[in-house]
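In: missing the sequence, but the structure's below:
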C-alpha cells in the first residue's frame with residue numbers, strides 16, 4: 001500500500017480526494033433518494049424531482065472530478081487508472097451478459113444498477129494490480 005501512496009503527487013492526492021468526496025456524496029444522494037421514494041416517504045412531485053436532479057448532478061460532478069484527476073496525472077498513473085477501468089468495464093460486461101442468461105434460467109431479476117458494485121470492485125482490483133506491476137512489487141504478469 002505504501003507504493004501506491006508514493007505514486008501520487010500532492011496534486012494527484014488532492015484531485016483524488018475531491019473525486020472521493022463527490023463519490024461519497026453521489027452514493028448518499030442516490031441511496032437517500034431511492035429509499036425516500038421506495039418507502040413512499042415523499043411523493044412524486046417537486047421535492048422528489050429535486051432530489052433526483054441533485055443525485056444526477058452529484059454523479060456528473062463525480063465523473064468530472066475523476067476526469068480532472070486523470071488529465072492531471074502523469075502517464076504511469078493514468079495507465080494504471082485506465083487498466084483498472086478496463087478490468088472494471090470488462091468484469092461488468094461479463095457479469096451483465098452472464099447474469100442475463102442466469103435470469104432466463106430462473107435466477108432472481110436484478111435492478112439496472114446492480115452490476116455497478118461488480119464494476120467498482122474490479123476497477124479497484126485493477127488499480128491494485130497495476131500499482132503492484134509498475135511499482136516493482138509484483139512479477140509483472
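Out: Perfect, I can see it now. Predicted model, so just to flag it, every value in this text is computed and none were measured.
In: any idea of the pLDDT on residue 43?
Out: Confidence at residue 43, expressed as pLDDT, is 87.
In: count of residues packed around it?
Out: Applying the criterion other C-beta atoms under 10 Å, we find 10 residues in the vicinity of residue 43. No exception for glycine: its C-beta is placed from N, CA and C like everyone else's.
In: Phi, psi for it please.
Out: Listed backbone geometry of residue 43 is phi -90, psi 160, with angles given as degrees, to the nearest 10.
In: same deal with residue 39?
Out: Dihedral angles for residue 39 - degrees, to the nearest 10 - are phi -80, psi 0.
In: so which strand or helix has the nearest residue to residue 62 once chain neighbours are set aside?
Out: Leaving aside its chain neighbours, residue 62 sits nearest to residue 22 (3.9 Å; criterion: C-beta to C-beta, 6 or more residues apart in numbering). Residue 22 belongs to helix 10-38 when assigned by DSSP states H and E.
In: buried set for that helix?
Out: Applying a neighbour-count criterion of 16 or more other C-beta atoms under 10 Å, the buried positions in helix 10-38 are 12, 15-16, 18-19, 22-23, 25-26, 29-30, 33.
In: And those residues, which is closest to residue 101?
Out: Here the nearest of the buried residues of helix 10-38 to residue 101, counting by C-beta to C-beta, is residue 30; it sits at 27.8 Å.
In: distance of that closest one from residue 104?
Out: In this structure, residue 30 lies at 28 Å from residue 104, with C-beta to C-beta, to the nearest Å as the measure.
In: try residue 8
Out: As for residue 8, its distance to residue 104 is 44 Å (criterion: C-beta to C-beta).
In: again, but for residue 81
Out: According to C-beta to C-beta, residue 81 and residue 104 sit 35 Å apart.
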